[in-house]
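1. Next one to model:
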Amino acid sequence: MLSDRRQRVLSALIEEYVARALPVGSRTLTERYQLGVSPATVRNELSVLEDGGYITQPHTSAGRIPTDYGYRAFVDNLLQSDLAGDDERYRPVVDQLRRSASELDALLEQTSSALTRLTDCLSIVLAPSVLNLHIKQLSLISLSPYRALVVLVTEDGQVFNRQMEFAEEVAPDELAQVQRFLGDVFNGKSLHEIEDGLGEGMVEAFRDPLVRMALDEVLSCLQESELSRTHRLGVSSLLTKPEFSQSQALLPVMQVLEDDTVLLHILDDAARQGAGVPSVRIGRENPAAELAGVSVVASRYGRGAAAGVVAVVGPTRMDYSKVIQAVRIASAALGDV
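-> Next up is the predicted model:
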């Protein structure tokens, strides 16, 4: 546990390093920050912080920079402080997002865009799995004797559609009969619940070729939507950071973030924290070695099977206060979807 004075010195050093991306010396801290102590005391505290592993000196003649351990101490202190009052400054952002997006996909995309603007980092918004969402309405619309449109509406207002084609003519009343049957099957259930609850009578009904075809189209519709449930924006923002000025430095980060397993780790971390309480992984705390140079701030939104995650990925030299607030705001904006 750091003393208040050492916490202030560490916080000042991190604030300066976040702003300028240059090693920080004792003279800079003394001149730019009101620490209330002499330059000699600042130098002594920096030595103690370095011995404790909170900061390091990249070159003998250079100033110090924070380590992952130092960032962790800073963030833990930040999370313990009351940031809720500052969230009110961003309340108009939340209200504007909700007013401007009539559908969930639009809200997810706009939330991701707002996160990138607020943090100048990469934002990731992971939608709830459509395979776990309850189906509110299923419609089969005849377009011609050889073509129909499958339309699905989930409990959270998402709308999915897909065309299906027939080798032989299908009359509208046949299609309506299949719609009634599948409507009863899906009524208020998720795809996973339907698969778990198939009884003998249902299995027999699913042997009907038209029923089977319609169900296959429903499955394909949901699975296609599942593949596009992640919204990512802000890669260009990361390229402006000194840490990633060379694009090849960013490439391994982006490749590992395409891995759904890594995103699930982030989701699990955020889920354990509870909705609206961000989890923060710093540098080597991340599940993949490729993420050792970045920090991930994530928060869950929604409940149960309808839970998703919002996250911001940036260099370990990120403005943690701003990013944590932005993630909390995004979680609040999506909390009632």
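2. contacts and neighbour counts: CA atoms only from here.
-> Noted.
3. quick one, helices of the stretch 1-150 of the chain?
-> 4-20, 26-32, 39-51, 68-80, 84-87, 91-100, 104-119 (DSSP state H, counting those that start in this stretch).
4. can I get the ones you listed in JSON lines with mean pLDDT and distance to Glu165?
-> Listed next are these as JSON lines, based on pLDDT from 0 to 100; distance: least, C-alpha to C-alpha, whole Å:
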{"stretch": "helix 4-20", "mean pLDDT": "95", "distance to Glu165": "57"}
{"stretch": "helix 26-32", "mean pLDDT": "93", "distance to Glu165": "70"}
{"stretch": "helix 39-51", "mean pLDDT": "94", "distance to Glu165": "69"}
{"stretch": "helix 68-80", "mean pLDDT": "91", "distance to Glu165": "55"}
{"stretch": "helix 84-87", "mean pLDDT": "53", "distance to Glu165": "51"}
{"stretch": "helix 91-100", "mean pLDDT": "66", "distance to Glu165": "36"}
{"stretch": "helix 104-119", "mean pLDDT": "82", "distance to Glu165": "27"}
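5. Out of those helices, which one sits most buried?
-> Mean neighbour count (mean count of other C-alpha atoms under 10 Å) peaks for helix 104-119 among the helices of the stretch 1-150 of the chain, with a mean of 21.
6. same for that one, what does it pack against?
-> helix 91-100, strand 122-126, strand 230-233, helix 320-334 (3 or more C-alpha pairs under 8 Å, 6 or more residues apart in numbering; DSSP states H and E).
7. mind checking which of those is nearest Glu16?
-> Proximity to Glu16 (C-alpha to C-alpha) singles out helix 320-334 among the helices and strands packed on helix 104-119, at 12.9 Å.
8. quick one on the thing from earlier: any idea which of the helices and strands packed on helix 104-119 scores lowest on pLDDT?
-> Within the helices and strands packed on helix 104-119, confidence is poorest for helix 91-100, with a mean of 66 (mean pLDDT).
9. Can you give me the buried ones in stretch 177-189?
-> Buried residues in stretch 177-189, counted by 16 or more other C-alpha atoms under 10 Å: 178-179, 181-183, 185-186, 188-189.
10. in the sheet, who's paired with the closest residue to Gln57 other than its chain neighbours?
-> Spatially, and ignoring its direct neighbours in sequence, Gln57 is nearest to Arg64 (4.5 Å; C-alpha to C-alpha, 6 or more residues apart in numbering). Taking DSSP bridges, one finds Val24 as the beta-bridge partners of Arg64.
11. element containing Lys300?
-> Small correction: residue 300 is Arg, not Lys. Counting by DSSP states H and E, the element that carries Arg300 is strand 294-301.
12. Give me the helices and strands touching that strand, please.
-> Judged by 3+ C-alpha pairs under 8 Å, 6+ apart, strand 294-301 is in contact with helix 260-273, strand 279-282, strand 308-315, helix 320-334.
13. which stretches of the stretch 201-337 of the chain have low pLDDT?
-> By pLDDT under 70, the low-scoring segments of the stretch 201-337 of the chain are 201-206, 223-229, 260, 263-264, 267, 271, 273-276, 304-306, 336-337.
14. still on that earlier bit, enumerate every residue touching the residue nearest to Gln57.
-> Arg64 makes contact with 23-25, 55-58 under the criterion C-alpha atoms under 8 Å, 6 or more residues apart in numbering.
15. and what of Glu285?
-> Shown in contact with Glu285 (C-alpha under 8 Å, 6+ apart): Ala292.
16. Against Val296, how distant is it?
-> Relative to Val296, Glu285 is positioned 10 Å away (C-alpha to C-alpha, to the nearest Å).
17. Name the residues contacting each of the two.
-> Common neighbours of Glu285 and Val296 are not found (criterion: C-alpha under 8 Å, 6+ apart).
18. Longest helix in this structure, please.
-> Counting by DSSP state H, the longest helix found in the chain is helix 209-227.
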